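Undergrad: I would like the atomic coordinates for the input below:
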Amino acid sequence: MARTERVPAVPDATASGLVALFGRAAAVDGVAPVSEAFRLAVGPARDGVVHLLRLDHAGALVGYAQVAGAGTADAVAELVVEPTQRRRGHGRALLEAALSEGARSVWAHGMLPAAQALARAAGLVLTRSLHRMTRRLGPADAVDPALPEGFSVRPFMPGTDDETWVRLNAAAFADHPEQGRLTVADLRERMAQPWFDPEGLLLVVDDTTGAVVASHWTKVEAGRGEVYVVGVDPAYQGRGLGGPLTRLGLAHLARRGVDEVELYVDGDNTAARRTYERLGFTDAAVDGQYTRTST
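TA: From the prediction side, this is the model:
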């Protein structure tokens, strides 16, 4: 008989199995089943993180769910089922287990019909959308744009700019449910990833004060470029930095030989979406967050 096991930590052997499972699901669905933050949390125990392993009657791993922020009002889950084991109740069992752990919402990456149906059957409603936008890059993109007068750009310096960047990011994303909560430890965890390149984390400086007032963090992984994080200090918003800041990152990626770039933006962030559309980005996929409407 299939069962769901709750574990506070994921052993290395199981973690390797989960990475393989994520890959198989992505190959079938055309979208990654879990987000970067959830992938990074697969491993040793972390505060507020619960892992749920779905095992078949023989003890083989057939699904996985994770609850982040467990014990808080913002607890959120993501889950995946082995493609060959779907339509056998494993997804429903994982979702029920996640909800019993206090998850208030669950992400449906790619808004796949089966995931949407599962969420709706559990009484969850769509409350948030996250758009993945893409754009091709060419030789013309490799030229740095001019910044407004009084500003200059330099690369991030690990060990020197860590706290500065986290403060800037927190201010720029004060109302964002995930990005604005990144800590120095979170930053350094990402800096430890194979894809991290300090030259690709661009900082914009106010030449008068020397303060870092904006940043564009780019990412290149498996040959694919990403506008990873773009943020402007609220005190400097409306001063013409947004467009040039984004193009600076695109220029860096183009010089790295990347021919396509992607980014993620909230569906209700109309201003940002319009900026990206003006720069040639178009929607490629949408993730949805489904939330409980009552206790």
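Undergrad: tell me the domain ranges of the chain?
TA: Per automatic domain parsing, the domain ranges recorded for the chain read 3-122, 134-290.
Undergrad: Can you name the residues that contact residue 79?
TA: Residue 79 sits next to 33, 52, 63-66, 91, 94-95, 98, 106 when contact means CB atoms under 8 Å, 6 or more residues apart in numbering. Yep, even glycine has a C-beta here, placed from its N, CA and C like the rest.
Undergrad: now residue 112
TA: 29, 31.
Undergrad: where along this structure do the strands fall?
TA: Counting by DSSP state E, the chain has these strands, from start to end: 3-7, 50-55, 61-68, 76-81, 105-108, 124-136, 151-155, 201-206, 212-221, 224-232, 260-266, 282-292.
Undergrad: Would you mind finding the most buried of those?
TA: For the strands of the chain, the largest average neighbour count (mean count of other CB atoms under 10 Å) is found in strand 76-81, namely a mean of 26.
Undergrad: Who does residue 151 form a beta bridge with?
TA: Residue 151 has these beta-bridge partners by DSSP bridges: residue 206.
Undergrad: Pretty sure it sits against residue 203.
TA: No: look at residue 151 against residue 203 with CB atoms under 8 Å: they stay out of range, at 10.5 Å.
Undergrad: Overlap in contacts, those two.
TA: Both residue 151 and residue 203 lack any common contacting residue under the criterion CB under 8 Å, 6+ apart.
Undergrad: re earlier: now mean pLDDT too, for the strands of the chain, in CSV please.
TA: Listed next are the strands of the chain as CSV, based on pLDDT from 0 to 100:
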stretch, mean pLDDT
strand 3-7, 97
strand 50-55, 98
strand 61-68, 98
strand 76-81, 98
strand 105-108, 97
strand 124-136, 96
strand 151-155, 97
strand 201-206, 98
strand 212-221, 97
strand 224-232, 95
strand 260-266, 95
strand 282-292, 95
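Undergrad: Between these, which one is closest to residue 181.
TA: Residue 181 lies closest to strand 61-68 among the strands of the chain, at 10.9 Å (CB to CB).
Undergrad: counting contacts, what elements does the closest one pack onto?
TA: Packing contacts for strand 61-68, counted by 3 or more CB pairs under 8 Å, 6 or more residues apart in numbering; DSSP states H and E, involve helix 12-29, helix 36-40, strand 50-55, strand 76-81, helix 90-100.
Undergrad: deepest of these, which one?
TA: strand 76-81 (a mean of 26).
Undergrad: what's the angle from that strand to helix 90-100?
TA: Strand 76-81 runs at 160 degrees relative to helix 90-100, counting by axes from the mean of the first three to the mean of the last three CA atoms, to 10 degrees.
Undergrad: okay, the angle between strand 76-81 and strand 61-68?
TA: Using the same axes, to 10 degrees: strand 76-81 against strand 61-68 is 170 degrees.
Undergrad: Numbering from 41 from now on, please.
TA: Sure, I'll start counting at 41 from here, so that last one is strand 116-121.
Undergrad: Tell me the strands beside strand 116-121, with direction?
TA: Strand 116-121 has its sheet partners listed here by DSSP bridges as strand 101-108 (antiparallel), strand 145-148 (parallel).
Undergrad: Indicate which one of the domains of the chain is closest to residue 168.
TA: Closest among the domains of the chain, once you apply CB to CB, is domain 174-330, at 4.0 Å.
Undergrad: how long is that closest one from one end to the other?
TA: In terms of CA to CA, to the nearest Å, the two terminal residues of domain 174-330 are separated by 24 Å.
Undergrad: and what of stretch 81-94?
TA: 18 Å.
Undergrad: Using CSV, please lay out the contacts of residue 119 together with distance to residue 271.
TA: Below are these laid out as CSV (distance: CB to CB, whole Å):
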residue, distance to residue 271
73, 27
92, 33
103, 35
104, 32
105, 31
106, 26
131, 35
134, 34
135, 33
138, 31
146, 27
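Undergrad: quick one: residue 201 and residue 252 touch, right?
TA: Yes: between residue 201 and residue 252 there is a contact under CB under 8 Å: 7.1 Å.
Undergrad: anything in contact with each of the two?
TA: Taking CB under 8 Å, 6+ apart as the criterion, residue 201 and residue 252 both touch residue 243.
Undergrad: Just put the strands paired with strand 116-121 in a markdown table and tack on distance to residue 232.
TA: Shown next, in a markdown table, are those (distance: least, CB to CB, whole Å):
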| stretch | distance to residue 232 |
| --- | --- |
| strand 101-108 | 19 |
| strand 145-148 | 25 |
